[in-house]
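J.: Dropping the sequence and predicted coords here.
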Amino acid sequence: DLHSFPTRRSSDLEIFFVIVFHYYAVRSSGIGEDGREYAFAGMGESVSNVKGSDIIKEIKNVWISFYDKEAIEYMINTGHFIQPAIVIQEMVDAAYAGVVFSRNEKGYLLINATEGLGDKVVDGTVTPDEIEVNPITGEKTDPSMETILTPEQIKELNNIITFLEEKAGYPIDSEFAYDK
């Protein structure tokens, strides 16, 4: 029950978050959020640039978003019920960010990247660089393509996402950001 969230604990958390860093992302997540047959990602709300003093309020707002009409309908229709979780991350001053997919329809890794925060890629407000990568070599399939990411960053993302896919046992996607 969010209304009975202990006041003393709330105050302690707010003090901690104000002292440690200045701004956070309060992100929705869930145990078993994505799988082979379903994808719950994006159903819960996430909030960027949250001041430490507002952290408790935003945790409650994100938690409540797991129970909106769309999320509940999705869980009922798929028969897959999510155990909500919230991730709190320090905000970075992103030079580049985006989403990396371990496999596209051709079997290549796909990176969608833009300048600044990756939320613009996720919500579709920008047209990102779409970089297709050979997962074996970690190199672009089109070597002449100009991108905002360096060849080293592309190889690094390739190595991370192929490792995670191997551990998961199925294709995955993940957001990323490079701090300035």
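T.: Received the coordinates, thanks.
J.: switch to C-alpha atoms for all contacts and neighbour counts from now on
T.: Fine.
J.: can you list the residues that contact stretch 88-101?
T.: For stretch 88-101, contacts defined as C-alpha atoms under 8 Å, 6 or more residues apart in numbering pick out 21, 23-27, 48-49, 109-119, 121-122, 128, 148-149, 157, 161, 171-180.
J.: any low-confidence regions in the protein?
T.: 1-21, 31-42 (pLDDT under 70).
J.: What segments of it are strands?
T.: 23-31, 47-51, 83-90, 94-101, 109-115, 129-133, 173-179 (DSSP state E).
J.: Just the CA atoms of the longest one, as CSV, please.
T.: So that's strand 23-31. This file holds the C-alpha atoms of strand 23-31, laid out as CSV (Å, rounded to 0.1, in the frame of the first residue of the first chain):
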residue,chain,number,x,y,z
TYR,A,23,19.3,13.9,-10.7
TYR,A,24,17.9,10.4,-11.3
ALA,A,25,15.9,8.3,-13.7
VAL,A,26,13.1,6.4,-11.9
ARG,A,27,12.5,3.5,-14.3
SER,A,28,9.7,1.0,-14.5
SER,A,29,10.8,-2.6,-14.8
GLY,A,30,9.5,-6.0,-13.9
ILE,A,31,10.5,-9.5,-13.1
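J.: Nothing else from me, thank you.
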